[in-house]
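>>> For reference, the sequence and a predicted model appear below.
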Amino acid sequence: MGKRKKSSRKPGPARVKVPLDTAFTCLFCHHDKSVTVRIDRKEGVAQLICRVCDQRYQSKVNHLTEPIDIYSEWIDAADEAQRVGESSTVRRPAASSSRPVPARAPSVDDSD
Ligand SMILES: [Zn+2]
């Protein structure tokens, strides 16, 4: 079993467990890391606030909820609100850095 592949992976968007505060990009004012999500597990609620444009969103959480969940919920809610409201198109946050990733070449140097 102990076959180790030496692969130098770039430190991509690693899924790190973050404690309570996390900053995201605001989909309204597009400021980077201006949106913070605060999860209060004792109260079972999460508060999302953009400190730049003062957008707010609140949602319920459970023990599995992560800040990113609240963030995506917020995006959905904002999306929905836009849809049922005016027909003005909201600019979704650009899909995070979709830079072309070089396809992993099959390593042929499998020494025997
Ligand atoms: Zn904002």
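Done, it's in.

>>> near the ion, which residues of this structure?
Taking Cβ under 5 Å from the ion as the criterion, the neighbours of the ion within the chain are 26, 28-29, 50, 52-53. For every residue, glycine as well, the C-beta is placed using N, CA and C.

>>> make it 6 Å
Within the chain, the positions lying close to the ion (Cβ under 6 Å from the ion) are 26, 28-29, 31, 34, 50, 52-53, 55.

>>> what's the most distant pair in those residues?
By the measure Cβ to Cβ, 31 and 55 form the most distant pair in the residues of the chain next to the ion, at 10.5 Å.

>>> which neighbours do these two share?
Counting by Cβ atoms under 8 Å, 6 or more residues apart in numbering, residue 31 and residue 55 have no common neighbour.

>>> which regions of the protein sit below the pLDDT cut-off?
Applying pLDDT under 70 to the chain picks out residues 1-3, 5-21, 86-103, 105-108, 110-112.

>>> So which residues of it form strands?
Here the chain has its strands, by DSSP state E, at 21-24, 35-40, 45-50, 56-60.

>>> will you turn those into CSV that also has mean neighbour count?
Output for the strands of the chain, formatted as CSV (neighbours: other Cβ atoms under 10 Å):
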stretch, mean neighbour count
strand 21-24, 17
strand 35-40, 20
strand 45-50, 19
strand 56-60, 14
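
>>> Adding distance to residue 66 as columns, could you present those strands in JSON lines?
Rendered in JSON lines, the data for these read as follows (distance: least, Cβ to Cβ, whole Å):
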{"stretch": "strand 21-24", "distance to residue 66": "8"}
{"stretch": "strand 35-40", "distance to residue 66": "8"}
{"stretch": "strand 45-50", "distance to residue 66": "10"}
{"stretch": "strand 56-60", "distance to residue 66": "12"}
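
>>> Which stretches in the chain count as helices?
Using DSSP state H, the helices of the chain run over 67-84.

>>> follow-up on the earlier one: please, a PyMOL command that selects the buried ones among the residues of the chain next to the ion?
Listed next is the PyMOL selection for buried residues among the residues of the chain next to the ion, using 16 or more other Cβ atoms under 10 Å:
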select buried, resi 26+28+34+50+55
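
>>> Alright, calling it a day.
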